[in-house]
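# Return atomic coordinates for the entry below.
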Amino acid sequence: MERNGVRIDTDLLQAYSKEVEAQLEQRMGRIYELAGETFNINSSQQLGKILFEKLRLPVIKKTKTGYSTDVDVLTKLSLQHDLPLEILTFRT
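Numbers count the residues shown, from 1 in each chain. Okay, the predicted model is just below:
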């Protein structure tokens, strides 16, 4: 394999890439719908504002820079609202 290389079906890879992109867009749309607005999903500060200020979910833990949105916090919050669960499954 090192000498001869591997053959890649670029058409299949491109089709798979488009499928994954469409699924990602759909998941992001669901997150924005639950949040009621668009925001940077990878920003813990923006997520914290959505969860704790806009949706008024209980603050479970704080950090030096603001609200904690770690896995434990999101897991506990997912029992009260669908958005934390969507974020958890989006990140994994």
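# Can you show me the helices along this protein?
Assigned by DSSP state H, the helices in the chain fall at 10-35, 44-48, 71-77, 82-91.
# Those into JSON lines, with extra columns for mean neighbour count, mean pLDDT and distance to Val59?
From N, CA and C alone the C-beta is placed, and that goes for glycine too. Formatted as JSON lines, those follow (neighbours: other CB atoms under 10 Å; pLDDT from 0 to 100; distance: least, CB to CB, whole Å):
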{"stretch": "helix 10-35", "mean neighbour count": "12", "mean pLDDT": "95", "distance to Val59": "17"}
{"stretch": "helix 44-48", "mean neighbour count": "17", "mean pLDDT": "95", "distance to Val59": "9"}
{"stretch": "helix 71-77", "mean neighbour count": "16", "mean pLDDT": "97", "distance to Val59": "9"}
{"stretch": "helix 82-91", "mean neighbour count": "17", "mean pLDDT": "92", "distance to Val59": "13"}
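# need those helices in CSV with distance to Thr63, can you?
Converted to CSV, those look like this (distance: least, CB to CB, whole Å):
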stretch, distance to Thr63
helix 10-35, 21
helix 44-48, 9
helix 71-77, 10
helix 82-91, 17
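# How much space separates Ala15 from Leu24?
Note on Ala15: its distance to Leu24, by CB to CB, to the nearest Å, is 15 Å.
# returning to that earlier point: tell me which of the helices of the chain sits nearest to Asn4.
Nearest to Asn4 among the helices of the chain is helix 10-35; the distance by CB to CB comes to 17.8 Å.
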